[in-house]
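Asks: task: produce atomic coordinates for the following.
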Amino acid sequence: MNHSTLRVLMPQWQGGDNPHYSLGAELLAWLAPNSGQPLVRVPVRPPGAAPLANENGVYGRTELLEQLDAADHLIRAHQPDRVVMFGGDCLVEQAPFAYLNERYDGELGLIWIDAHSDLVQIDGYNRAHTLPLGNLLGEGDAEFAKRVKKPLKPENIFIAGLSEPTPEEGAAIGEAFQRLGISMKESDTAMIDRLGIRTADARETANGTDSIKDWIRSSGIRHLAIHVDLDVLDPHEFRSLLFANPHEPYTYSPPGRLTLARLAELLRELSAETDVVGLGFTEHMPWDAIHLKKMLAEVPILNG
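Replies: Numbers count the residues shown, from 1 in each chain. From the prediction side, this is the model:
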C-alpha cells in the first residue's frame, strides 16, 4: 500500500527563545536523505533585535500561536498519511502529532524520546517548548491545548530517555533554579503518576527496548509517532546541543545519556515493531556552524 509522506520544515525559535534553533532546523532538513518526499516550509518570523515579550506566562505567545496555526493549515492542506517534522524547538511537534491523532481516529501511539518530559509549565522560565506533550494531552497551556481537537490518550504515550541528574548535577540545577526563581506548578513526575504515563529513563532506554515493545504490543499500538529531542544524546559524543556550548557552562538541566548509535538502533527497532507514521527531530544546536557563521559575518570582503 502506498502512503503519502509530507516533510515539514519549521525553523521555530521562539518556543525556546533561542534564535539558533532556526539554523538548527534548516540544517536538519538539509542533512536528511532525499527520498523525493515533498517538503513544505512553515513561515516563521526570523530572529530580530527586539526581545520576545512575556504574554500571559509565555514568551512570544502571539507568534507561536500564529505559527502553530500555519503549520496545522499546511499539513491539513496536504492530508498526508505520514508526517516528518524538522524543528526548531519542541513545540513544533504539536501540529503534526495532533493531526495524526485525528487521522488515526484518536488511537495514535506516541514515543517521546527526550531528556525531559515537556509536560509542565515552568514558573520563572515561561518558554513554550517545555509543554508540547502537555498540550497534546489537553493539559499544558489552555490556549495552545484547545487547538488539539482530539487529545492523545495518556495510555498511548511512552516517554523514553528521561535523564536523572547525578547528585552533583542535581545540586547545581537546584542552585541555578533557586537563583533564577524557577519552579514548577506541578512536577512532571506528579503529572506522569496522575495520568499513568509509561516511562523509561536514559539508562533503561540505553540498555534495550523491551519495555517499549511490551507497551506497543499490550496497548495494541498500530500507528506510532516518534518525537526526538536531540538533547537526549550524550553531549560528550554529540556536541550540537544546547548543553554543549563550548563557551558557556550549562547547569539548568541534566544532560542526555544516549549515543547516536543507540538512538539509531532504537528508531530502527520501533520501525520494525509497528507502523511509524510520524517522526520529528528538534532542538538541534550546531555550535560550530553558529560560531563560524558569526565569524564570517565579520569578514569585510564577504560584506560587500
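
Asks: skipping adjacent residues, who's closest to residue 6 in space?
Replies: Spatially, and ignoring its direct neighbours in sequence, residue 6 is nearest to residue 80 (3.8 Å; CB to CB, 6 or more residues apart in numbering). In short, each C-beta sits where N, CA and C put it, glycine included.

Asks: isn't that neighbour up against residue 8?
Replies: No - applying CB atoms under 8 Å as the test, residue 80 and residue 8 come out as separate, 9.3 Å apart.

Asks: three-state assignment of the residue nearest to residue 6?
Replies: With DSSP: H, G, I helix; E, B strand; the rest coil as the basis, residue 80 sits in coil.

Asks: roughly how far does it sit from residue 217?
Replies: To residue 217, residue 80 is 26 Å away according to CB to CB, to the nearest Å.

Asks: the strands in the stretch 1-150 of the chain, which residues?
Replies: Taking DSSP state E, counting those that start in this stretch as the criterion, the stretch 1-150 of the chain contains strands spanning 5-10, 39-41, 54-55, 58-59, 82-87, 109-113, 122-123.

Asks: quick revisit: more neighbours: residue 80 and residue 217, which one.
Replies: Higher neighbour count among residue 80 and residue 217: residue 80, with 24 against 11, using other CB atoms under 10 Å.

Asks: what helices or strands is the helix or strand harbouring residue 211 leaning on?
Replies: Counting by DSSP states H and E, the element that carries residue 211 is helix 210-219. If you count contacts as 3 or more CB pairs under 8 Å, 6 or more residues apart in numbering; DSSP states H and E, helix 210-219 packs onto strand 109-113, strand 157-162, strand 198-201, helix 260-273.

Asks: now with 7 Å, please.
Replies: strand 109-113, strand 157-162, strand 198-201 (3 or more CB pairs under 7 Å, 6 or more residues apart in numbering; DSSP states H and E).

Asks: single out the most deeply packed of those strands.
Replies: Comparing those by mean neighbour count (mean count of other CB atoms under 10 Å), strand 109-113 ranks first with a mean of 27.

Asks: starting at the chain centroid, how far to that one?
Replies: Mean C-alpha position of strand 109-113 versus that of the full chain (CA atoms, centre = their mean, to the nearest Å) differs by 11 Å.

Asks: for that strand, packing partners?
Replies: Taking 3+ CB pairs under 7 Å, 6+ apart as contact, the helices and strands that strand 109-113 lies on are strand 157-162, helix 210-219, strand 223-229.

Asks: ok, which of the helices and strands packed on helix 210-219 comes nearest residue 19?
Replies: Closest to residue 19 of these is strand 109-113 (CB to CB; 24.9 Å).

Asks: list the buried ones in stretch 119-130?
Replies: Neighbour-count burial for stretch 119-130 flags 119-121, 125-130 (criterion: 16 or more other CB atoms under 10 Å).

Asks: can you redo the residues you listed as a markdown table with distance to residue 241 and pLDDT?
Replies: Output for the buried residues of stretch 119-130, formatted as a markdown table (distance: CB to CB, whole Å; pLDDT from 0 to 100):
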| residue | distance to residue 241 | pLDDT |
| --- | --- | --- |
| 119 | 21 | 94 |
| 120 | 21 | 89 |
| 121 | 23 | 82 |
| 125 | 18 | 86 |
| 126 | 22 | 92 |
| 127 | 16 | 94 |
| 128 | 19 | 96 |
| 129 | 14 | 96 |
| 130 | 16 | 94 |
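
Asks: distance check, the closest residue to residue 209 other than its chain neighbours against residue 97.
Replies: Using CB to CB, 6+ apart and skipping residues adjacent in sequence, the residue nearest residue 209 is residue 269, 5.0 Å away. Going from residue 269 to residue 97 by CB to CB gives 21 Å.

Asks: of the two, which one has the most company?
Replies: Between residue 269 and residue 97, counted using other CB under 10 Å, the more crowded position is residue 97 (27 against 13).

Asks: quick one: contacts for that one?
Replies: 110, 136, 225, 278 (CB atoms under 7 Å, 6 or more residues apart in numbering).
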